[in-house]
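Participant: Sequence first, then the predicted structure, then my questions.
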Amino acid sequence: MIRRLLCLVVVLVLLCAAPAAAHNVSAGADLRIAQTIAGMEVTVVVKGTTRVPGPLRIGVIAFEPVTGPPVELAVRSVEDGRTVTGVARPVLRDPQYTELRVERTGPHELTLRAGNEVAVVPFRVLVERGTGAELLIYGGFFVAGLLLVGGLLTGAVARPGRAMAVSGGAAVGVTVAVMAIVFEPMLPAGPPDGAAPVVTSQAGGRPFVQGRVETVPARPAVGQEFTVRVDLVDGSTGRPVDDLAIHHEALAHVVVTSEDGRFFRHLHPLRTAAGRLEVRLRADRPGAYRTHVELEREDSGGQLLTGRFRIDGEVDMGSPEGGAEPAGAAFGAGDAEPAAPPRMRPAAPVAGRPATVELDATGPVRPWLGMSGHLIVRSQDGDFLGHVHEMGSGGPRLRFTFSFPEPGRYLAWAQYALADRIVTVPFTVDVSETVQ
Amino acid sequence: MKRIMIAVALVVAAAVIFIVGRGLAAEPLRVSSAGTRYAVTVVSDEPTTGRVSVEVLVTSGDPDDVAVSAVMPGMGHSTPELTARKAAPGRFVAEGELFPMTGAWEVSIRLDGSAGEEVLVVNALITG
């Protein structure tokens, strides 16, 4: 009997399992999404609501002093087309939340406008429905309370039989309420209001993403603003892939490096259309470049897409990244710190074995992309790219552990956020052959 | 006493059916989507595998042609487009096989008219 009951509970849990959490905004589960927009690196936070109609609060966190324009917001229900608008000013510390009103649950689109750039982020507003046990609990206690009073009154007018019956009813009410309290955690909650329909019994995951990574224009010039464009197509249906999960607080992480590693950018592209991501940047060095795009399709796992392009022209001597720099100096995002170089443990890393990189932050570190530090590792030829997360004690010492897959020279960039800037520490790692 | 037992059994059965049914019910499909050019409500009384009838009620815009197709993102399946016939002003009906198997489907409604072309996508859970 108990086994049967357990089986029933398991079946119920499987049938009513919660939907995959992709771009869902519900109370206590905020949507955080990093965007590189109008030259700013910001994280947009959408706070969930417990009810509809209800407030949807949106804030924009900046990671460097804001010089750009405010971000115009528009939230549109995809079901009825109703749109509400507001403006959010990116701030370095706790964001000032702009309150917009949503009328219903279900699919919505958040449009962000800053400068002449526009991003459209699809998301769902969810509101928990609960199991319905509250009704039993409160109802049971309510009935019990009424009947207890009735029982006392009946007893007081000396009708013991009826008093017993009424009090018995009260006991039933208490029993129902207590049973509901005890068994409620075992009962599966229905999917939240506004959730996309899902089935949990499906094996495997979604098909692979076929990606095309290109630049617009195809041959940008030194100093010219250009767009890195990523077009995503479903490998099985041929349709645009528009179901990217939020992967480390972004739709995608785009890493653009010059082949020699002297230019480095870690950017978060904007979704400009279904299956299309775009981010704008400038490069100050001519030559060959590599683009690596890290993204995750819903119910499919992470993927890495790559692209190549060339920058035409002469070295821009006036830029902080142009000109001849001593090896190992501040190549990168132009914000490198004069910090002590990172330490390696072991000092000479061996291919295939865990190696640890330690560096000291130059100030109090704050979380960026959900972590206190990120380490981007690229093989010298650009064919391999790793993205390592900080796994330290939470103090100013940042620690990354990574097994370099093959011997050779790797280019590495450690990144972390201080109160008012994102710091990039470039360095190289020489990995030796496995020792027999 | 026997009547009470029957009543209790009925209440328990009703509770179980309520809880299980919430997860299983093959509800009629009725879902809306609003784009920039058109807005539609998609209705299907019996969304099921095999032959199905899907009604597209255009609540905004004036399309000349409406076509319906489906994709199951989880499996990577897609189905041919069904051309919807205009049954009444603002009401199009597509009939044919749209869902080869049960599961979570995305139904694409392609609308074409003087305002231009737009594809609106709604979700459908096919349980039987």
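Facilitator: Thanks, I have the structure now.
Participant: going forward, measure contacts and count neighbours with C-alpha atoms only.
Facilitator: Will do.
Participant: give me the residue from chain B nearest chain A.
Facilitator: residue B:33 (4.0 Å; Cα to the nearest Cα).
Participant: Just the element for that residue, please.
Facilitator: strand B:29-34 (DSSP states H and E).
Participant: tally of neighbours for residue B:50?
Facilitator: Neighbours of residue B:50 under the rule other Cα atoms under 10 Å in any protein chain shown: 12.
Participant: Skipping adjacent residues, who's closest to it in space?
Facilitator: Of all residues not flanking residue B:50 in the chain, residue B:97 sits nearest, at 5.3 Å (Cα to Cα, 6 or more residues apart in numbering or on different chains).
Participant: Could you measure from the one you found over to residue A:375?
Facilitator: 50 Å (Cα to Cα, to the nearest Å).
Participant: Those two - which one has more neighbours?
Facilitator: Between residue B:97 and residue A:375, counted using other Cα under 10 Å, residue A:375 has the larger neighbour count: 23 against 18.
Participant: Direction included, what does the strand holding residue B:33 pair up with?
Facilitator: Paired strands of strand B:29-34, with direction, are strand B:39-44 (antiparallel) (DSSP bridges).
Participant: Now do the same for the partner strand: mean pLDDT, whole number.
Facilitator: On average, the pLDDT along strand B:39-44 is 95.
Participant: Mind checking what helix or strand follows it in sequence?
Facilitator: strand B:50-60.
Participant: Direction-wise, compare that following strand with strand B:39-44 and give the angle.
Facilitator: Here strand B:50-60 runs at an angle of 160 degrees relative to strand B:39-44 (axes from the mean of the first three to the mean of the last three Cα atoms, to 10 degrees).
Participant: what sits up against strand B:50-60?
Facilitator: B:37-47, B:90-100 (Cα atoms under 8 Å, 6 or more residues apart in numbering or on different chains).
Participant: how about the residues of chain A near chain B?
Facilitator: Within reach of chain B by Cα under 8 Å from any Cα of the partner chain, chain A has these residues: A:12, A:15-16, A:77-81, A:190, A:196-199, A:202, A:205-207, A:234-237, A:299.
Participant: Filter the residues you listed down to just the ones in strands.
Facilitator: If you go by DSSP state E, those have A:77, A:234 in strands.
Participant: which of the residues of chain A next to chain B are buried?
Facilitator: A:12, A:15-16, A:77-81, A:190, A:196-199, A:206-207, A:234-237, A:299 (16 or more other Cα atoms under 10 Å in any protein chain shown).
Participant: mind listing the helices for chain B?
Facilitator: Under the criterion DSSP state H, chain B carries helices at the ranges B:2-24.
Participant: Just the buried ones among the contacts of strand B:50-60, please.
Facilitator: Buried subset of the contacts of strand B:50-60 (neighbour count, 16+ other Cα under 10 Å): B:37-44, B:46-47, B:90-94, B:97-100.
Participant: residue contacts, the residue nearest to residue B:50?
Facilitator: So residue B:97 contacts B:49-52 (Cα under 8 Å, 6+ apart).
Participant: among those residues, which one has the lowest pLDDT?
Facilitator: residue B:50 (89).
Participant: If the residue most central in space within chain B is in a bridge, with which residues?
Facilitator: Note on chain B: the residue nearest the mean C-alpha position is residue B:29, at 3.6 Å, using Cα atoms, centre = their mean. Note on residue B:29: beta-bridge partners by DSSP bridges are residue B:44.
Participant: Return the distance of the residue of chain B closest to chain A relative to residue A:76.
Facilitator: 11 Å.
Participant: Give the closest residue to the residue in chain A that chain B sits nearest to in space, chain neighbours not counted.
Facilitator: Chain A approaches chain B most closely through residue A:79 (4.0 Å), counting by Cα to the nearest Cα. Nearest non-adjacent residue to residue A:79, counting by Cα to Cα, 6+ apart: residue B:33, 4.0 Å away.
Participant: show me what contacts the one you found?
Facilitator: By Cα under 8 Å, 6+ apart, the residues touching residue B:33 are A:78-81, B:39-41, B:120-122.
Participant: Off-centre distance for the strand holding residue B:33?
Facilitator: Distance, stretch centre to chain centre, for strand B:29-34: 8 Å (Cα atoms, centre = their mean, to the nearest Å).
Participant: next one: stretch B:36-53
Facilitator: With Cα atoms, centre = their mean, you get 4 Å for stretch B:36-53.
Participant: any idea how far the residue lying closest to residue A:140 once chain neighbours are set aside lies from residue A:107?
Facilitator: Distance criterion Cα to Cα, 6+ apart; nearest residue to residue A:140, sequence neighbours excluded, is residue A:173 at 4.3 Å. Residue A:173 sits 41 Å away from residue A:107, going by Cα to Cα.
Participant: and the end-to-end length of stretch A:241-253?
Facilitator: So stretch A:241-253: terminal residues 16 Å apart, Cα to Cα.
Participant: Check stretch A:156-164 too.
Facilitator: Criterion Cα to Cα; first-to-last residue distance in stretch A:156-164 is 12 Å.
Participant: Could you give the number of residues near residue 125?
Facilitator: Looking at chain A here, since you left the chain open. 26.
Participant: my question was about chain B
Facilitator: Counted with other Cα under 10 Å, residues neighbouring residue B:125 total 20.
Participant: check contacts around it.
Facilitator: A:197-198, B:102-105.
Participant: now do 6 Å
Facilitator: A:197, B:103-104 (Cα atoms under 6 Å, 6 or more residues apart in numbering or on different chains).
Participant: Identify, from the contacts of residue B:33, the entry nearest to residue A:279.
Facilitator: Checking these against residue A:279 by Cα to Cα gives residue A:78 as the nearest, at 24.9 Å.
Participant: Hmm, the closest one is touching residue B:32, no?
Facilitator: No. Counting by Cα atoms under 6 Å, residue A:78 stays clear of residue B:32, with 7.9 Å between them.
Participant: For the residue nearest to the centre of chain B, give me the pLDDT.
Facilitator: On the pLDDT scale, residue B:29 gets 91.
Participant: so it sits right up against residue B:42, yeah?
Facilitator: No. The pair residue B:29 / residue B:42 is not scored as a contact, 7.3 Å apart, by Cα under 6 Å.
Participant: What about residue A:53, how many residues nearby?
Facilitator: There are 12 residues near residue A:53, going by other Cα under 10 Å.
Participant: Contact partners for it?
Facilitator: For residue A:53, the contacting residues are A:102-104, by Cα under 6 Å, 6+ apart.
Participant: Would you mind checking those for buried ones?
Facilitator: Going by neighbour count (16+ other Cα under 10 Å), the contacts of residue A:53 have A:102-104 buried.
Participant: Now secondary structure and pLDDT too, for those residues, in JSON lines please.
Facilitator: Converted to JSON lines, the buried ones among the contacts of residue A:53 look like this (DSSP: H, G, I helix; E, B strand; the rest coil; pLDDT from 0 to 100):
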{"residue": "A:102", "secondary structure": "strand", "pLDDT": "94"}
{"residue": "A:103", "secondary structure": "coil", "pLDDT": "94"}
{"residue": "A:104", "secondary structure": "coil", "pLDDT": "93"}
